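Peer 1: pasting a predicted model and its sequence here:
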Amino acid sequence: MYLVDQAPFLNAAVLARTDLSPLQLLYHTKQIEKAAGRDLVTGRRHGPRPLDLDIVFFGGQDVQHEALKVPHTSWQDRAFVKAPVADLLLPEDIVRGWIRESHPDGSVMERLLQAVQHWEAEGGEQQIGQPGLCRVMPIHRQIWELGHSTHICGILNVTPDSFSDGGKHVATAGTAAPVQQTQQQELQQQQQGVVTAADDKQQQQPPSEQQQAASSSNSTAQPGIPTAAAEQPGQPQPQSAPSTAYPASVRGSINVDVSAAVDSARAMARAGAQLIDVGGQSTRPGSARLTVEQELSRVIPVIRALREDSELVHIPVSIDTFHSRVAAEAIAAGADMINDVTGGQQDPNMFPTAALLGVPYCLMHFRGDLATMTQAANTTYSCVWGEVGDALRQRAQQAVQAGVLPWNLILDPGLGFSKTSEGNAQLLGNLQNMRREMLRGVWGRMPLLVGPSRKRFIGKLTGRHVPAERDLGTAAACVAAVAQGADIVRVHNVLVVAEALRVADGVFRGTWPIFDD
């Protein structure tokens, strides 16, 4: 009955509310299939087809009709059906006792419980990764398989003042020297009242009145509508020779060395990076907070150049920002994903914008705000992995309620943000507990991104005071993350980490790359 020998295909489940009868719904699903290119007259019923929509359950009803049988007659035989159907039942639905129908008596709750019981009885998530069944994430016209091997996100900061690579991609009138911050300097800044928890981001200072006005007007801009990036009026800008390797449309701010940024991205891709994360807003202590226009002038030219580079055209690009307008214009310029270190807390328009854009959205754990995240109230936990997991679940729920598709959500526990060094180490060592106990159901099956790169807790463990010298410690932290089930790691030194991850994937995932002896 089934065609076994066929190319891989995608399968998903949708929970929807309808006023249609079962047969009316069947008619509309067939029209959708037809519009997608399926031949409903002479085309094959089983095997490859452009789109196949099945009604698995319809509330609690049993339907026996020559054209439709509900529950679907073979749903129990197909692991690729049971897995996504089981995802539809959320833990909070079980607590409530019914799904969100207007009439609980017509709830599909019992059917979904039955599906979950079947899925769990056969091994549940242990079945994922077996031949023919894996979880995936769509990005940049690609389908990433999750759980087979660890994906590497390379960090590309176009800032003059990031904590470990500041100035690397910035051209000024003089020679730009990368900023290196030692632990002694960090301690001195703490004693002086400077916030320093976000190791690779800038400490956010209150904006000036001019910046406040710009930020306020920016937040009301319509997402998805590109606007020209502009330098802050009336402010003298350092001069440098513009890059001649790219046209004026991608050169951007006179501060940004686009050519150097592209060279770094190429090097990371050659070393094994599958994603490049572009950030223009540093959060290094003492750095000034940018206006939206200033941030755009840094990142948009680099994103355009990455998209126009023949060597990088197939590499997905992420925009590291907490501004919805920056996210929207970056996606319009060619970025494929949003990486928001504030988890949507900085900009109330971020969740709706991410939903509208329909791209992967990485939601990071974050407490307080950018000026208070290192205060004791925000770094004190009774159980760091439990509270981080609970907060991530709540934010993920809010994102989905705002329209972000669950398969576009990536969760990040936020190493280095709103946590002490000891808390970071405890969190990294308990990611599996966090997923199992605090992110139950579909929330725990979302991809997990971990960003330990060069963070201060690594410096404290290794005695490496210069952040750029923490790459071996970073590799060890990434191996620990893989052992704890991380799907993506975000790092500065891709070459060092990639080799460590090949070993980690072989040990913890059973994935063996093919190299000649």
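Peer 2: Yes, it's here.
Peer 1: could you point out which element follows the helix or strand in which residue 329 is found?
Peer 2: Secondary structure from DSSP states H and E places residue 329 in helix 324-333. Per DSSP H and E, helix 324-333 leads on to strand 337-340 as the next helix or strand towards the C-terminus.
Peer 1: what sits up against that next one?
Peer 2: Contacts of strand 337-340 from elsewhere in the structure, counted by Cβ atoms under 8 Å, 6 or more residues apart in numbering, are 139-140, 275, 277, 279, 316-322, 327, 330-331, 346, 350, 354, 357, 359-364, 412. C-beta here means a position set from N, CA and C on the backbone, and glycine is covered the same way.
Peer 1: export stretch 111-122 as PDB, just CAs?
Peer 2: Once non-C-alpha atoms are left out, stretch 111-122 reads as follows in PDB (Å, rounded to 0.1, in the frame of the first residue of the first chain):
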ATOM      1  CA  ARG A 111      -7.700  12.100  20.600                       C
ATOM      2  CA  LEU A 112      -4.500  14.000  21.200                       C
ATOM      3  CA  LEU A 113      -3.900  12.300  24.500                       C
ATOM      4  CA  GLN A 114      -4.300   9.000  22.700                       C
ATOM      5  CA  ALA A 115      -1.700  10.100  20.100                       C
ATOM      6  CA  VAL A 116       0.700  11.100  22.900                       C
ATOM      7  CA  GLN A 117       0.200   7.800  24.700                       C
ATOM      8  CA  HIS A 118       0.900   5.800  21.400                       C
ATOM      9  CA  TRP A 119       4.000   8.000  20.700                       C
ATOM     10  CA  GLU A 120       5.400   7.600  24.300                       C
ATOM     11  CA  ALA A 121       4.600   3.800  24.400                       C
ATOM     12  CA  GLU A 122       6.800   3.300  21.400                       C
END
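Peer 1: and the spatially closest residue to residue 129 that is not a sequence neighbour, how many neighbours?
Peer 2: The shortest distance from residue 129 to any residue that is not its chain neighbour, by Cβ to Cβ, 6 or more residues apart in numbering, is 5.2 Å, and that residue is residue 147. When neighbours are counted by other Cβ atoms under 10 Å, residue 147 registers 16.
Peer 1: wasn't residue 300 part of a helix?
Peer 2: Yes - judged by DSSP: H, G, I helix; E, B strand; the rest coil, residue 300 forms part of a helix.
Peer 1: what about it, neighbour count?
Peer 2: Burial of residue 300 is recorded as 28 neighbouring residues (other Cβ under 10 Å).
Peer 1: show the model's pLDDT score for it.
Peer 2: Reading off the confidence values, residue 300 has pLDDT 96.
Peer 1: what's the answer for residue 281, then?
Peer 2: Confidence per residue is given as pLDDT, and for residue 281 that number is 89.
Peer 1: same question, residue 9
Peer 2: 87.
Peer 1: which SS state does it fall under?
Peer 2: For residue 9, the secondary-structure state derived from three-state DSSP is coil.
Peer 1: so who does it touch?
Peer 2: For residue 9, the contact set (Cβ under 8 Å, 6+ apart) comprises residue 48.
Peer 1: any idea how far it is from residue 45?
Peer 2: Taking Cβ to Cβ, to the nearest Å as the criterion, residue 9 is separated from residue 45 by 15 Å.
Peer 1: same check on residue 129?
Peer 2: Residue 129 sits 30 Å away from residue 45, going by Cβ to Cβ.
Peer 1: comparing those two, which shows the higher neighbour count?
Peer 2: Set side by side, residue 129 and residue 45 show more neighbours around residue 129, with 16 against 9, by other Cβ under 10 Å.
Peer 1: tell me which other helices or strands the helix holding residue 329 touches.
Peer 2: Using 3 or more Cβ pairs under 8 Å, 6 or more residues apart in numbering; DSSP states H and E as the contact criterion, the neighbours of helix 324-333 among helices and strands are helix 292-308, strand 317-320, strand 337-340, helix 350-357.
Peer 1: format the ones you listed as TSV; extra columns: distance to residue 476.
Peer 2: Output for these, formatted as TSV (distance: least, Cβ to Cβ, whole Å):
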stretch	distance to residue 476
helix 292-308	30
strand 317-320	24
strand 337-340	23
helix 350-357	33
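Peer 1: once you drop chain neighbours, what's closest to residue 52?
Peer 2: Take residue 52 and drop its neighbours on the chain: the residue closest to it by Cβ to Cβ, 6+ apart is residue 33, 6.9 Å away.
Peer 1: separation between the one you found and residue 26?
Peer 2: As it turns out, when the distance is counted by Cβ to Cβ, residue 33 lies 11 Å from residue 26.
Peer 1: same check on residue 57?
Peer 2: Between residue 57 and residue 26 the distance, using Cβ to Cβ, works out to 13 Å.
Peer 1: tell me, how many residues neighbour residue 379?
Peer 2: Around residue 379 sit 20 other residues, with neighbours defined as other Cβ under 10 Å.
Peer 1: list the contacts of it.
Peer 2: Contact criterion Cβ under 8 Å, 6+ apart gives 197, 367, 373, 418-420, 423 as the residues in contact with residue 379.
Peer 1: can you select the buried ones from the residues you listed in PyMOL?
Peer 2: Of those, the buried ones go into a single PyMOL selection, burial set by 16 or more other Cβ atoms under 10 Å:
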select buried, resi 197+367+373+418+419+420+423
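Peer 1: among the contacts of residue 379, which are in helices?
Peer 2: Using DSSP state H, the subset of these located in helices is residue 423.
Peer 1: quick one: least confident of the contacts of residue 379?
Peer 2: The pLDDT minimum for the contacts of residue 379 sits at residue 197, where the score is 37.
Peer 1: list phi and psi for the closest residue to residue 76 other than its chain neighbours.
Peer 2: The shortest distance from residue 76 to any residue that is not its chain neighbour, by Cβ to Cβ, 6+ apart, is 5.9 Å, and that residue is residue 118. Backbone torsions for residue 118, taken as degrees, to the nearest 10, come to phi -60, psi -50.
Peer 1: over to the one 4 residues further on?
Peer 2: With angles defined as degrees, to the nearest 10, residue 122 shows backbone torsions of phi -100, psi 10.
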